[in-house]
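>>> Below: sequence and its predicted model.
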Amino acid sequence: MDKILHSVNKVYKREHPSMYLNINKKNLKKIVNARKNLLLDLKIPKKVFRNSKLIDFGSGSGIYSLVYNLFGAKTDLVEYEKKFVKQSKKLFLKFAKK
């Protein structure tokens, strides 16, 4: 199992580097704007997240759940990888709406 997890995380690191970024206000703003643009392209207004509840299974670093939290969603994250859980907690403590 450890070999499989290591392989998956290696690919994840290459394909989804948000876990490996030092997230600060500037980086977070770029990520939020990119997500807003994606939602606009998909014709989904960000207001749909206001006062909503969201469960993110396989939340990884939690960065996208954090974005939806900033859009107004109450977010619950589910993640099996301990280092991603720690990263999510740090991000939410630092940036999330209470």
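Okay, I see it.
>>> for the protein, what are the low-confidence residue spans?
By pLDDT under 70, the weakly predicted segments of the chain are 1, 12-21.
>>> Need the single longest helix in it, by residues.
Taking DSSP state H as the criterion, the chain has its longest helix at helix 25-41.
>>> Show me what counts as buried in it.
By 16 or more other Cβ atoms under 10 Å, the buried positions in helix 25-41 come out as 28, 31-32, 35, 39. (C-beta placed from N, C-alpha, C; glycine too.)
>>> Can you add distance to Lys82 and give these back as TSV?
Output for these, formatted as TSV (distance: Cβ to Cβ, whole Å):
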residue	distance to Lys82
Leu28	23
Ile31	23
Val32	26
Arg35	25
Leu39	30
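>>> For Lys3, state which of those is nearest.
The shortest approach to Lys3 among the buried residues of helix 25-41 belongs to Ile31, at 31.0 Å (Cβ to Cβ).
>>> okay but the closest one is in contact with Gly62, surely?
No - at 11.4 Å, Ile31 and Gly62 do not qualify as touching, with contact defined as Cβ atoms under 8 Å.
>>> residue ranges for the helices of this protein, please.
Remark: helices assigned in the chain by DSSP H are 2-15, 25-41, 63-70, 82-95.
>>> Tell me how many other residues crowd the closest residue in space to Gly62 that isn't next to it in sequence.
Once flanking residues are discounted, Gly62 sits nearest to Ser88: 3.1 Å by Cβ to Cβ, 6 or more residues apart in numbering. The tally of other residues near Ser88 (other Cβ atoms under 10 Å) stands at 23.
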